[in-house]
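*Asks:* Provided below are the primary sequence and the corresponding predicted coordinates.
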Amino acid sequence: MSESRHVPVMLRRCLDLLAPALERPGAVVVDCTLGLGGHSEAMLTRFPEVRLIGLDRDKEALRLSGERLAPFGDRATLVHAVYDELPEVLDRLGIPSAHGVQGVLFDLGVSSMQLDEADRGFAYAQDAPLDMRMDQTTGISAAEVLNTYPPGELVRILRAYGEEKQAKRIVSAVVRERQKGPFTSSARLVQLIRDALPQAAKRTGGNPAKRTFQALRIEVNGELSVLERAIPAAVKALAVGGRIGVLSYHSLEDRLVKQVFAAGAASTAPPGLPIVPEEYQPRLKLLTRGAELPTEEEIAENRRAAPARFRGAERVREDVR
């Protein structure tokens, strides 16, 4: 497995947005989704005094990124953790979990390694065991979800996490098929979805299995519930002047990030106050106008950048109690 396959998404934009915070002496940056270490390597290279903490729930990703970042020595600390565990990780490392870091980066979604390694079961384009766990040492697999969840729960997952309009039709086919034998492989599921969907639904939007696979992956890894905890924790970890950047890959993630940033950038004062007291002032300043998109040139070079949405914010004041 070559790291050269891994092309970090919107790399220059991420670095430029974080730069004013990471150019400070003694700056600490947290890469909450280390993956194969592309963004981390670039941050350590561009900001020679920065200390990096990299988190990933995937042990194989940690091993590979560890090899890549080894030349940076003790400037890089890699931790096996899910990103909502950020406060606990910082406390263990002796860094305050409130206002203790200058930069945080999230690159959400599935890493190149997870998509490219067939036995992980993330990709609908190749047959593989239906696993989809980012941390293969814990939790239930996608096969278990398909084989054991009640039909109503499967419909909810496909609608909520995959925004799949044909959820009922797909789940009905899944329930019929699993009575013949449990699901174990991705190819069987892909074929079932192709057979279940009406022709009109298969003419647009790429592979018709895409939305179902996305929904299963989010459910298996608890991605949205983890993100709901992780983004506020990351904002809290920022020092004044610290910056956070988040790359999202579908509307559910982006909406959640937008809501947290917007709440932080808004005054919490009751309406009608002639002067807004300090404790009600915004804690964040938005650094992006809406969600920024990758350039056409970047998408041409790296097709996995196409759905990316980037938002950034700066911590402008501490919480006042």
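*Replies:* Thanks, I have it.
*Asks:* in three-state terms, label the closest residue to residue 139 other than its chain neighbours for me.
*Replies:* In space, and not counting its chain neighbours, residue 139 is closest to residue 133: 5.3 Å by C-beta to C-beta, 6 or more residues apart in numbering. From N, CA and C alone the C-beta is placed, and that goes for glycine too. Classification of residue 133 by DSSP: H, G, I helix; E, B strand; the rest coil places it in coil.
*Asks:* hmm, residue 143 and residue 133 touching each other?
*Replies:* No. Between residue 133 and residue 143 there is no contact under C-beta atoms under 8 Å: 10.5 Å.
*Asks:* related to what we said a few turns ago, check the gap between the residue nearest to residue 139 and residue 177 for me.
*Replies:* In this view, residue 133 and residue 177 are 22 Å apart by C-beta to C-beta, to the nearest Å.
*Asks:* all helices for the stretch 201-321 of the chain, in order.
*Replies:* Taking DSSP state H, counting those that start in this stretch, the helices of the stretch 201-321 of the chain run over residues 210-221, 223-237, 251-264, 296-301.
*Asks:* pick the most deeply packed of the ones you listed.
*Replies:* Most buried of the helices of the stretch 201-321 of the chain, by mean neighbour count (mean count of other C-beta atoms under 10 Å): helix 210-221, with a mean of 23.
*Asks:* so who does residue 11 touch?
*Replies:* For residue 11, the contact set (C-beta atoms under 8 Å, 6 or more residues apart in numbering) comprises 38-39, 42.
*Asks:* pull out the buried residues from those residues.
*Replies:* Among the contacts of residue 11, those buried by neighbour count (16 or more other C-beta atoms under 10 Å) are 38-39.
*Asks:* the contacts of residue 11 in helices, which ones?
*Replies:* Applying DSSP state H to those, the entries found in helices are 38-39, 42.
*Asks:* closest to residue 107 among those?
*Replies:* residue 39 (6.1 Å; C-beta to C-beta).
*Asks:* quick check, that closest one in contact with residue 105.
*Replies:* Yes. Residue 39 lies in contact with residue 105 (C-beta under 8 Å); the separation is 5.9 Å.
*Asks:* quick check: neighbours shared by the two?
*Replies:* 14, 31.
*Asks:* helix/strand/coil for the closest residue to residue 184 other than its chain neighbours?
*Replies:* Spatial nearest neighbour of residue 184, excluding adjacent residues (C-beta to C-beta, 6+ apart): residue 143 at 5.7 Å. The assignment at residue 143 comes out as helix when based on three-state DSSP.
*Asks:* any chance of TSV for the contacts of residue 11, columns distance to residue 312 and pLDDT?
*Replies:* As requested, the contacts of residue 11 are exported to TSV (distance: C-beta to C-beta, whole Å; pLDDT from 0 to 100):
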residue	distance to residue 312	pLDDT
38	18	95
39	14	97
42	16	98
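*Asks:* and of the contacts of residue 11, the nearest to residue 194?
*Replies:* residue 38 (33.8 Å).
*Asks:* run through the stretch 151-300 of the chain and note the low-pLDDT ranges.
*Replies:* The stretch 151-300 of the chain contains residues with pLDDT under 70 at 201-205.
*Asks:* cutoff 80 now
*Replies:* For the stretch 151-300 of the chain, applying pLDDT under 80 flags the ranges 199-206, 269, 272, 276, 278.
*Asks:* export the helices of the stretch 201-321 of the chain to CSV and tack on distance to residue 197?
*Replies:* Converted to CSV, the helices of the stretch 201-321 of the chain look like this (distance: least, C-beta to C-beta, whole Å):
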stretch, distance to residue 197
helix 210-221, 10
helix 223-237, 25
helix 251-264, 21
helix 296-301, 27
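*Asks:* residue 26: which of those helices is closest?
*Replies:* It is, among the helices of the stretch 201-321 of the chain and with distance given as C-beta to C-beta, helix 223-237, at 15.5 Å.
*Asks:* related to what we said a few turns ago, pLDDT value on the residue nearest to residue 139, please?
*Replies:* Each residue has a pLDDT score; the one for residue 133 is 89.
*Asks:* next up, the contacts around it.
*Replies:* Neighbours of residue 133 in contact, by C-beta under 8 Å, 6+ apart: 139-141, 220-221.
*Asks:* rebuild these as CSV, extending it with distance to residue 231.
*Replies:* Output for the contacts of residue 133, formatted as CSV (distance: C-beta to C-beta, whole Å):
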residue, distance to residue 231
139, 21
140, 25
141, 27
220, 20
221, 16
